[in-house]
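*Asks:* Fold the stuff below for me.
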Amino acid sequence: MAYRVVADHIRTLSFSIADGARPGNDGRDYVLRRVLRRAVRYGREVLGGKEGFFAQLVDIVVKTFGGAYSELVSARDRIHSIIAEEEASFSRTLLKGIERFKKLAASAENGTISGTDAFLLWDSFGFPVDLTQLMAEEQGLKVDAAGFEAAMEDARQRSRTAGKKTGGAGLRFEAEATGWLQGKSIPLTNDAPKYGESDVTAKVLAILTPGSTFVDSTAAAVEAASNAEQVPVGFLLDTTSFYAEQGGQVGDTGSLVGPSGASLNITDCQVAAGYVLHMADAATCSNRSIHFSVGDTVTVKVDYSRRGKIVPNHTFTHVLNWALREVLGGHVDQKGSIVLPDKLRFDFSNNGPVDAGQLTRVEALCKDWVSSGRPVSSKEVPLNQAKNIKGLRAVFGEVYPDPVRVVAIGKLIGDLLLSPKADDNMASSVEFCGGTHLKNTAEARAFALLSEEGIAKGVRRIVAVTADDAAAAIAEGEAFMQHVEAAAALPDAELDKALTPLKAAVDTAVIPAPAKAAIRDQLAALTKRCTEAAKAAAAANKGAATVAALAAADAAVAEGKGYLVLQLQVQYCLYMIAFWPI
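*Replies:* Numbers count the residues shown, from 1 in each chain. Next comes the predicted model:
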């Protein structure tokens, strides 16, 4: 049986990775991780395989099935690399986990391993519960599955609590609040104006306070807060031009202006169950004697200057996603993103760092999209029709509405729908997205890729900037390189001192990553030049010192002296003192 398990699992993993999946912590990725760990455990413990045996089987799969499935051949290196990395990672905890399991099995009460212990094996040693159950069955034991699920749910609850949406101390927009709104037949928020750039007039439908309590006015919230410095409140309006945080894009900020002209700053905007909540601090009203009430008509004013910094970052998150796939390959999948006014952050799957050459190509592609001025179009499309567009990028496991909003950069969305299977669709960025975007990529004005790093196994993160922030980073990089070039023109004797501050500053400099890599290479070359110059000078000094010492010794002998104490001053060495008995 063990042979069959290993053979089946290596086939499953090889084909799945060739199709773009990889072992991970969520969804289908976690299924693959469980499959791999079950096979590795069988091979190591039952078949006596050595560490690394499982990855070596990839070539057998490719040889056997590659003739009929060419994708196995083209993806061979990636398949082997991913499986080898996962196998090595699990191997580091496998033996300790097996030892821990044996201790737990020996102390199991009533022939059952507790759910808490099974969760510990999963949480600390990476043992999926079905693997623990299998090992338990082999020893005539059971696992408390209900206890394991309870421990898992407790961990999930702690995670959810840590990540719940808040808008100030104690203000939470959760199921209890949205349930109250639905029970009162409060209509869902019309947020269609969020794609425009105009203020709108709206009606206050509800006001949320901490504890999921709704009040009729901010006066009641202030009174309930007992003169606290902060009075968090959330406004539900019938319509809004605010973009609520979702899809990685942060929520808008701005203000609400009441009938009397008093204004209240909106510091965040969240959405849940179709309701958009505008979060504020009632204690910061421009007129403390004026309050906002349910039924008031207000003017909704978005901070469009701030949004103007967010929009190019969102559009170029899509462009970056496309560029990464172009340079690194089709295995690249989005693993997360955040779009802020001052930067964009994009997480993606890749087995290992992206080298400087690849980063340079990715940045160059994004810059080309700025200079070439490609149109950005969007449209709500029936979900099944949208899924047929060749080149579409979507986040696996995400639930999309029907119809779904499609954002296309390059080819217009209408042309994509007319020829959904056209090969040249791959030259455009096509994604499901509800965010706000530019009308043309040229509006971004500049793009700079600032950093690339690993944040988890098989997941990399890129930080980039656009517009003024990108122009500033590019200018800073050019200025830094000029300092390096000026240092390179110095004599060897002055170079080392000039390099010291440059080497200290390059790590923290906010400059494009490709430029930073080139600067580091230049600094390394100059440092090598200093080292070689110092060695040459030291050799020359040694030779000069030897000649001088021999000459002085000969003179001392000629003068009939019995000994000699000689002091020499040479470059890179203040004094040399030698003693020769005569």
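*Asks:* for the stretch 301-450 of the chain, what spans make up the strands?
*Replies:* Along the stretch 301-450 of the chain, the segments classed as strands by DSSP state E, counting those that start in this stretch run 334-339, 344-349, 376-381, 392-393, 404-409, 429-432, 447-456.
*Asks:* Mind checking the ones you listed for the one nearest to Leu320?
*Replies:* Ranking these by proximity to Leu320 (C-beta to C-beta) places strand 344-349 first, at 5.5 Å. All C-beta atoms are positioned from the backbone trio N, CA, C, and that covers glycine.
*Asks:* which other helices and strands contact the closest one?
*Replies:* helix 304-328, strand 334-339, strand 459-466 (3 or more C-beta pairs under 8 Å, 6 or more residues apart in numbering; DSSP states H and E).
*Asks:* Report the buried residues of the last one.
*Replies:* Okay, so that is strand 459-466. For strand 459-466, burial by neighbour count (16 or more other C-beta atoms under 10 Å) applies to 459-466.
*Asks:* Confidence-wise, which of the residues you listed comes last?
*Replies:* Least confident entry in the buried residues of strand 459-466, by pLDDT: Val459, with 88.
*Asks:* Give me the distance between that one and Phe348.
*Replies:* To Phe348, Val459 is 7 Å away according to C-beta to C-beta, to the nearest Å.
*Asks:* ok, now Asp355?
*Replies:* Distance from Asp355 to Phe348, by C-beta to C-beta: 15 Å.
*Asks:* between these two, which one's more packed in?
*Replies:* Taking other C-beta atoms under 10 Å, Asp355 and Phe348 do not tie; Phe348 has more neighbours (23 against 10).
*Asks:* Touching, that one and Asn321? I think so.
*Replies:* Yes. Counting by C-beta atoms under 8 Å, Asn321 is a contact partner of Phe348 at 7.4 Å.
*Asks:* residues in contact with the closest residue to Ser241 other than its chain neighbours?
*Replies:* Closest residue in space to Ser241, ignoring its immediate chain neighbours: Pro193 at 4.1 Å, by C-beta to C-beta, 6 or more residues apart in numbering. Contacts for Pro193 (C-beta atoms under 8 Å, 6 or more residues apart in numbering) come out as 200, 239-241.
*Asks:* how much does the helix or strand hosting Ala536 deviate in direction from strand 459-466?
*Replies:* Here Ala536, judged by DSSP states H and E, is contained in helix 513-558. Interaxial angle, helix 513-558 versus strand 459-466 (axes from the mean of the first three to the mean of the last three C-alpha atoms, to 10 degrees): 100 degrees.
*Asks:* quick one, phi psi at Asn287?
*Replies:* Taking degrees, to the nearest 10, you get phi -130, psi 110 for the backbone angles of Asn287.
*Asks:* Chain neighbours aside, what residue packs nearest to it?
*Replies:* Going by C-beta to C-beta, 6+ apart, Asn287 has Ala262 as its nearest residue, at 4.2 Å.
*Asks:* Then Met426?
*Replies:* With C-beta to C-beta, 6+ apart, the residue lying closest to Met426 is Gly391, at 4.4 Å.
*Asks:* shouldn't that neighbour be in contact with Asp423?
*Replies:* No. The criterion here is C-beta under 8 Å, and Gly391 misses it with Asp423 at 9.1 Å.
*Asks:* Which other helices and strands does the helix or strand where Gly234 lies contact?
*Replies:* Element membership of Gly234 [criterion: DSSP H and E] is strand 232-237. On a contact count with 3+ C-beta pairs under 8 Å, 6+ apart, strand 232-237 meets strand 200-209, strand 275-281, strand 297-302.
*Asks:* Just the mean pLDDT for it, thanks.
*Replies:* On average, strand 232-237 scores 95.
*Asks:* Need the residues that contact that strand.
*Replies:* 167-171, 173, 181, 186, 189, 202-210, 218, 221, 256, 266, 275-282, 292, 298, 300.
*Asks:* Narrow those to those that are buried.
*Replies:* 167-168, 171, 173, 181, 186, 189, 202, 204-210, 218, 221, 256, 266, 275-282, 292, 298, 300.
*Asks:* burial of Lys102, as a residue count?
*Replies:* Applying other C-beta under 10 Å, we find 12 residues neighbouring Lys102.
*Asks:* and it, how far is that from Ala558?
*Replies:* Using C-beta to C-beta, Lys102 is found at 87 Å from Ala558.
*Asks:* Now Thr213. Nearest residue, chain neighbours left out?
*Replies:* Ala224 is the one closest to Thr213 (C-beta to C-beta, 6+ apart), at 8.0 Å.
*Asks:* brain fart, Leu236
*Replies:* Leu236's closest residue in space is Ala206 (C-beta to C-beta, 6+ apart), at 4.1 Å.
*Asks:* That neighbour contacts Ser212, correct?
*Replies:* No. Checked against C-beta under 8 Å, the pair Ala206 and Ser212 is beyond contact range at 11.4 Å.
*Asks:* Tell me where the stretch 401-550 of the chain is predicted with low confidence.
*Replies:* By pLDDT under 70, the stretch 401-550 of the chain has no low-scoring segment.
*Asks:* try 90
*Replies:* Applying pLDDT under 90 to the stretch 401-550 of the chain picks out residues 401-402, 454-459, 492-493, 496, 507-508, 530-550.
*Asks:* do the same with the stretch 251-400 of the chain
*Replies:* 259-261, 282-291, 330-331, 333, 335-336, 351-352, 393-400.
*Asks:* swap the cut-off to 70 and go again
*Replies:* For the stretch 251-400 of the chain, the ranges with pLDDT under 70 are 396-397.
*Asks:* To Leu359, which of the strands of the stretch 301-450 of the chain lies closest?
*Replies:* Of the strands of the stretch 301-450 of the chain, the one closest to Leu359 (C-beta to C-beta) turns out to be strand 447-456, at 5.9 Å.
*Asks:* so what does that closest one touch, helix or strand wise?
*Replies:* helix 304-328, helix 356-372, strand 459-466, helix 467-488, helix 513-558.
*Asks:* re earlier: okay, among the contacts of Pro193, which ones form the most distant pair?
*Replies:* Top of the distance list for the contacts of Pro193 (C-beta to C-beta): Thr239 and Ser241, 8.0 Å.
*Asks:* intersection of neighbour lists for those two?
*Replies:* Contacts common to Thr239 and Ser241, judged by C-beta under 8 Å, 6+ apart, are 191, 193, 200, 300.
*Asks:* could I get the residues you listed as CSV with distance to Gly52?
*Replies:* Shown next, in CSV, are the shared contacts of Thr239 and Ser241 (distance: C-beta to C-beta, whole Å):
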residue, distance to Gly52
Asp191, 54
Pro193, 59
Val200, 62
Val300, 61
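*Asks:* So what does Glu137 look like in phi/psi?
*Replies:* Torsion angles at Glu137 (phi, psi; degrees, to the nearest 10) stand at phi -60, psi -40.
*Asks:* burial count for it?
*Replies:* Counted with other C-beta under 10 Å, residues neighbouring Glu137 total 11.
*Asks:* How much space separates it from Ser114?
*Replies:* Applying C-beta to C-beta to Glu137 and Ser114 gives a distance of 16 Å.
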